[in-house]
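Engineer: Structure here, sequence nowhere to be found:
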């Protein structure tokens, strides 16, 4: 009745039933009953509808306008849109959507590399996922055209006056009910209790009021049931629903283009502006995801229910929607920039690059106005004292002396190579030279004349260096990050409409090239650390070489930290090379034999860091040590023989000038193992020994191969009395790409007064990161590199020796502020004769499958063969490697027999991992066993967590068999990891004890957990896992694997199905599958007769696909 009176007025009453005439429908005789209450989910006020026109056309128009108006569009605009499209409701709705939620000006049309069947299949997959998640709350209203999701969103109902009034009434009613119950309870206490009548409880007491027993019911249970039913009834009758409608108009390229996204509600007094603002935020999220070619519906629905994010946006958003008093096609003057247009960003500021929207071009007037504003602020800054102080510091850098020469060379040449030693300032200053030159030249342009627009992109090989350099440059310019200087990495960016210098990873620029092959708005590209020769940087050089012929206005700078810059110069046709000298103090260089001799380090034969000795060799070693100096040959052994292959006497001959104790340590030491005891001993010698005159201040940088070694050394030093927290003299800082940005930022901060930093880093600190106060460097001589494992026929991360170029780079890190010391923890002969002079280019040591997929996704190379493209690289791989990679891609299913990309290949091209690992990860997300599959993927990419100590191999094997499942090594390792996780969740110590007892490596297990999170980020970034990790990218994560809790049970529902896991492993790793052929059963005659003979390992035969 409330609804009917709201429609027809307060005086409305139902007529008497006798006044209604039955027209033959037998309504008095038959009726249907579904449930005992009426649920009204919406209503339309017909009281104000003009009573003109009763034709079908008039009725259709009336209902069409009401439908359009239900999405919160202004009624006048709804009528105008309907008239514009001659009554076509769908076209009118699309027009209203485009006018109320216009796309950013910088978006270009989506790439046309997906046919309708592929797009339909992608949408069908997403529809199935949404149906499984939301069940009946998801409805496909029109097949492959209109989807709808239904939600109850309490945080939006707080804006409804009627809902708040109802809430207050409900609370008052509950308080009154509570008061009544308390009064009844007090009244019961006053009454004398009589024993209950059991017959009355059964409903059969024949004595009635004459019964001597109590006929009162126990109301406690019934009252609770009554209240619960009231609550259920209230929830059931609540008409306030919110509907999220997704429409795919004809020709829509979703998920590579935004669909029509609309929000409406059945709550009649929710402000229309509120619905529009919420809808606008959902559209922004949709655009951000579809730019990456990612399905977005789940993320948008999840955002709609995020009260903090939506509330914050509603408070801050000042966008002006079209005025209902003006025409829908009204165009404001060009100089009246609407509030909210500041969200329009330059083309490289969008997070994705694989999908584009409608072909709206950048508004040149708006860009020019922003450019003039940037120039004005820059000129005002010239009198700022903080900026002038920073400028004074910049002038001290060696790169500053080359500023004029760099600018002149860029005016006369299209490309330039800059070679600068460590610390010269090239990474921070060269991009600023270009930006400042443009700002100064623009300040001289008259206000009536047009300005030349500039956008500079500087690529960095790692996320950490992109963030670090961007923040340093912003600091030097006395501005916040995200103004004229910003950065963009995977899943994170700090940019705005004012950003004209963007630091990004090489992968981000390559992804942008997939949809913007000519980089239309970019004027300068700087490729930093090009000497590292990563697969991505080599490929980028090839693309730039091709692009420079099409865009003669594009300027390119290649920056290298080593002396092989002539290689890049000749590749681009003898282009000019500019050398910038470094600003470093002299560095004393010591090797392992030197520091062992000076510090007196002793290594005993029973140490875990010794080379493995068999039984009886210990005594023989002691005898050799007794007479080895006497037996030493007069001539030293050949330089080509490694130390570990020398006999004791030959080793004494090679290191004749060193002590007997040093030679013994060199002979016993395992050169491939990182020795925390040696590192701690050397550090103690550096900071506490008075026999040397080295500085007693400055940071100490220790180069280690990987995260596991960093954790081992960190724990060893943390437990030390001198270097741990108890000593209160040092700050231990790990530095690794897997660490959070906050943890990495600690490297750049100054140590507290009276303390010194000890930084434990991988090779990320060789060139990408500069620690200004570094004085000492400890170089362990090893690093992790991607290699092709021929045994497993896939990519793996292996420990290798550094090159001499790497070692010199590490040496250059010392002596930044004063004379420094570099200690290499390997011998001089190894440095001089046994390690490579230059690192092997990554493209020659990794599988080529990811590169081939990247070539296939770029429109630039559509008309060229893969062999022709890769043959044009700076140092191309062999034809045999290319053909082998093609065959592996066909076997995996990423390429068809005609070497064209399959749908699987499109997804794998977005995952920077081995293709089989990528296929395994995708299957894990599809078959809802994500956590288990990512664990196996991390183990395959890294190494097995099981260890076999020398002399305890049998015991270790027995322990391993206890975890065995389904005759599968992969599932066995997965089971061991799960059991370790169960123990580690109780306490860290329990996890360590479990690992030690079961011959598991705790460091390997921890690294596997970190790799799982990285893999999860990749799946989220391409839309296969509907999670929001943006808030966690800079948050400090716990050491324990949080992935099961983070992903939830639904996406891991099949994680314990071993048969499914085995099938997924077989499908993903095929054709790397072997069939084991056991021999025929044979018998051995014994005392009790013929006994079956168990097959030996040598009796087994293996059959592969090639067989």
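Structural biologist: Received, thanks. It should be emphasised that the depicted structure is a prediction, and the values quoted were computed from it without experimental measurement.
Engineer: Look at residue 68 and report its pLDDT.
Structural biologist: The predicted structure scores residue 68 at 90 on the pLDDT scale.
Engineer: what do you get for residue 950?
Structural biologist: In the predicted model, residue 950 carries a pLDDT score of 60.
Engineer: ditto for residue 173
Structural biologist: Looking at residue 173, its pLDDT reads 82.
Engineer: and the helix or strand encompassing residue 985, which residues are buried?
Structural biologist: Secondary structure here is read from DSSP states H and E; on that basis residue 985 sits in helix 969-986. Residues of helix 969-986 classed as buried: 970-981, 983-984 (neighbour count, 16 or more other C-beta atoms under 10 Å). In short, each C-beta sits where N, CA and C put it, glycine included.
Engineer: which residues touch the following helix or strand past it?
Structural biologist: Toward the C-terminal end, the helix or strand that comes next after helix 969-986 (DSSP H and E) is helix 988-997. Residues from elsewhere that reach helix 988-997 (C-beta atoms under 8 Å, 6 or more residues apart in numbering): 959, 979-981, 983-985, 1000-1002, 1005, 1039.
Engineer: can we see that at 7 Å?
Structural biologist: The contact list for helix 988-997, computed with C-beta atoms under 7 Å, 6 or more residues apart in numbering, reads 980, 983-984, 1001-1002, 1005.
Engineer: Which SSE is immediately downstream of that helix?
Structural biologist: Using DSSP H and E, the next helix or strand after helix 988-997 towards the C-terminus is helix 1002-1021.
Engineer: Can you check what angle separates that next one from helix 969-986?
Structural biologist: Counting by axes from the mean of the first three to the mean of the last three C-alpha atoms, to 10 degrees, helix 1002-1021 points 100 degrees away from the direction of helix 969-986.
Engineer: and helix 1002-1021, what does it pack onto?
Structural biologist: Packing contacts for helix 1002-1021, counted by 3 or more C-beta pairs under 7 Å, 6 or more residues apart in numbering; DSSP states H and E, involve helix 707-718, helix 915-926, helix 930-941, helix 969-986, helix 988-997, helix 1043-1047.
Engineer: can you list the weak-confidence ranges in the stretch 201-350 of the chain?
Structural biologist: 203, 216-239, 331-350 (pLDDT under 70).
Engineer: all strands of it, in order?
Structural biologist: Chain-ordered strands for the stretch 201-350 of the chain, with DSSP state E, counting those that start in this stretch as the definition, fall at 242-247, 260-265.
Engineer: With the stretch 601-750 of the chain instead?
Structural biologist: Listed in chain order, the strands found in the stretch 601-750 of the chain under DSSP E, counting those that start in this stretch are 699-703, 730-735.
Engineer: ok so, going back, report the distance from the helix holding residue 985 to the chain centre.
Structural biologist: Using C-alpha atoms, centre = their mean, to the nearest Å, the mean C-alpha position of helix 969-986 is found 25 Å from that of the whole chain.
Engineer: now do stretch 918-926
Structural biologist: For stretch 918-926, the distance from its own C-alpha centre to the chain's C-alpha centre is 16 Å (C-alpha atoms, centre = their mean).
Engineer: Kindly report the same for stretch 386-405.
Structural biologist: From the chain centre to the centre of stretch 386-405 is a distance of 36 Å (C-alpha atoms, centre = their mean).
Engineer: So what touches it?
Structural biologist: Stretch 386-405 is contacted from outside by 381, 420, 424-426, 429-430, 433, 476, 478, 578, 580-583, using C-beta under 7 Å, 6+ apart.
Engineer: Tell me the buried residues within those residues.
Structural biologist: The neighbour-count test (16+ other C-beta under 10 Å) marks 381, 420, 424-426, 429-430, 433, 476, 578, 580, 582-583 as buried among the contacts of stretch 386-405.
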